[in-house]
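> no sequence on hand, only this structure:
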């Protein structure tokens, strides 16, 4: 991580107007109506021969979300460091805003999980051409669609209604990102049949196993999700 990137991320954590990044662990637990035992009594994530253990119960689901936010934040940080050739000022501003959101989400989960948070994950973006608009926006679309389907699939797994509410606030932002990126690629594609069921009008969902299988293309760190609720 470069010095400038570290300074930027520290500023995001300190200054986000949304309050996500600077929410303390105590405030988070109080807001969620959870006792400290919910997180502290959960098995802390460990790195063993089976990979980084996400944990179980609500802690495991929060770590699952944290892993995905790590991936998205890392991607957009790289995008903003080396904007693709021919990018407009409008698209620079939009992608920078998305970067800020994803960093705030990542730091929110890290702070909320405290000592139960998984380690920083190692990513591999070697298959992405960051100098090419099609490659960058295509990957952004894939990540945003994946994130929305992940939160949709994880929602029913939460035991805490308050955690579900918090996840809902984040997935709504992810859905806005997805719609924006999709329309940048092809106007009007934000409700395409590959993401919205045309019969029910509902966004599609994926299980953690399905999501991690797809995300594994870009995450080098082995993740063990075997203890997640189902």
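Nice, thanks for sending it over. Everything numeric here is computed off the predicted structure, so don't read it as measured data.

> got the contact list for residue 222?
By Cβ atoms under 8 Å, 6 or more residues apart in numbering, residue 222 lies in contact with 50, 51, 52. (Glycine included, C-beta is placed from N, CA and C.)

> show me which of these are buried.
residue 52 (16 or more other Cβ atoms under 10 Å).

> and the contacts of residue 222 as JSON lines, adding pLDDT and distance to residue 204?
What follows is the contacts of residue 222, written out as JSON lines (pLDDT from 0 to 100; distance: Cβ to Cβ, whole Å):
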{"residue": "50", "pLDDT": "80", "distance to residue 204": "29"}
{"residue": "51", "pLDDT": "92", "distance to residue 204": "27"}
{"residue": "52", "pLDDT": "97", "distance to residue 204": "27"}
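
> with secondary structure and distance to residue 146 added, can I get the contacts of residue 222 in CSV?
As requested, the contacts of residue 222 are exported to CSV (DSSP: H, G, I helix; E, B strand; the rest coil; distance: Cβ to Cβ, whole Å):
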residue, secondary structure, distance to residue 146
50, coil, 23
51, strand, 19
52, strand, 19
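
> so which of the contacts of residue 222 would you say is closest to residue 115?
residue 52 (14.6 Å; Cβ to Cβ).

> that closest one bridge partners, please.
In this entry, residue 52 is beta-bridged to residue 47, residue 223, by DSSP bridges.

> ok, the spatially most central residue of the chain - contacts?
Nearest to the mean C-alpha position of the chain, by Cα atoms, centre = their mean, lies residue 69 at 2.4 Å. When contacts are counted by Cβ under 8 Å, 6+ apart, residue 69 touches 102, 105, 106, 109.

> thanks a lot, catch you later.
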